[in-house]
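S.K.: model this:
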Amino acid sequence: MKHIVKILMLVIAITALWIGLLQTSTIPRSHTWLLPIYFVVSLGCYGLLMVGVGLMNFPTCPQEALLLQKLVP
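M.R.: Okay, here's the model as predicted:
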């Protein structure tokens, strides 16, 4: 339950920052509207990177491999 609270707080903070940037004129409005798209794309890239790193560092488990080989006829 604590992990979901952290995620929700992060989403709320990012949304508040985005709305704040929309209200002020520090960044051009055309760029500010694209920030959620950039966020989703970067989150997807991060997810793919983490899956790739997890696959590269996948530990070998010889005991489980033997168990799976015994289960398959």
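S.K.: phi, psi of residue 27?
M.R.: Torsion angles at residue 27 (phi, psi; degrees, to the nearest 10) stand at phi -120, psi 140.
S.K.: pLDDT at residue 9, what is it?
M.R.: At residue 9, the predicted lDDT confidence score is 91.
S.K.: may I have the helix or strand where it lies as CSV, with CA atoms only?
M.R.: According to DSSP states H and E, residue 9 maps onto helix 2-23. Written as CSV, here are the backbone C-alpha positions of helix 2-23 (Å, rounded to 0.1, in the frame of the first residue of the first chain):
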residue,chain,number,x,y,z
LYS,A,2,2.9,2.3,0.7
HIS,A,3,4.2,2.0,-2.9
ILE,A,4,0.9,3.1,-4.4
VAL,A,5,0.9,6.2,-2.1
LYS,A,6,4.4,7.1,-3.4
ILE,A,7,3.2,6.7,-7.0
LEU,A,8,0.1,8.8,-6.4
MET,A,9,2.1,11.5,-4.7
LEU,A,10,4.5,11.6,-7.6
VAL,A,11,1.7,11.9,-10.1
ILE,A,12,0.1,14.7,-8.0
ALA,A,13,3.4,16.6,-7.8
ILE,A,14,4.0,16.3,-11.6
THR,A,15,0.4,17.4,-12.3
ALA,A,16,0.8,20.4,-10.0
LEU,A,17,4.0,21.3,-11.7
TRP,A,18,2.5,21.0,-15.1
ILE,A,19,-0.5,23.1,-14.2
GLY,A,20,1.8,25.7,-12.6
LEU,A,21,3.8,25.8,-15.8
LEU,A,22,0.6,26.3,-17.8
GLN,A,23,-0.4,29.2,-15.6
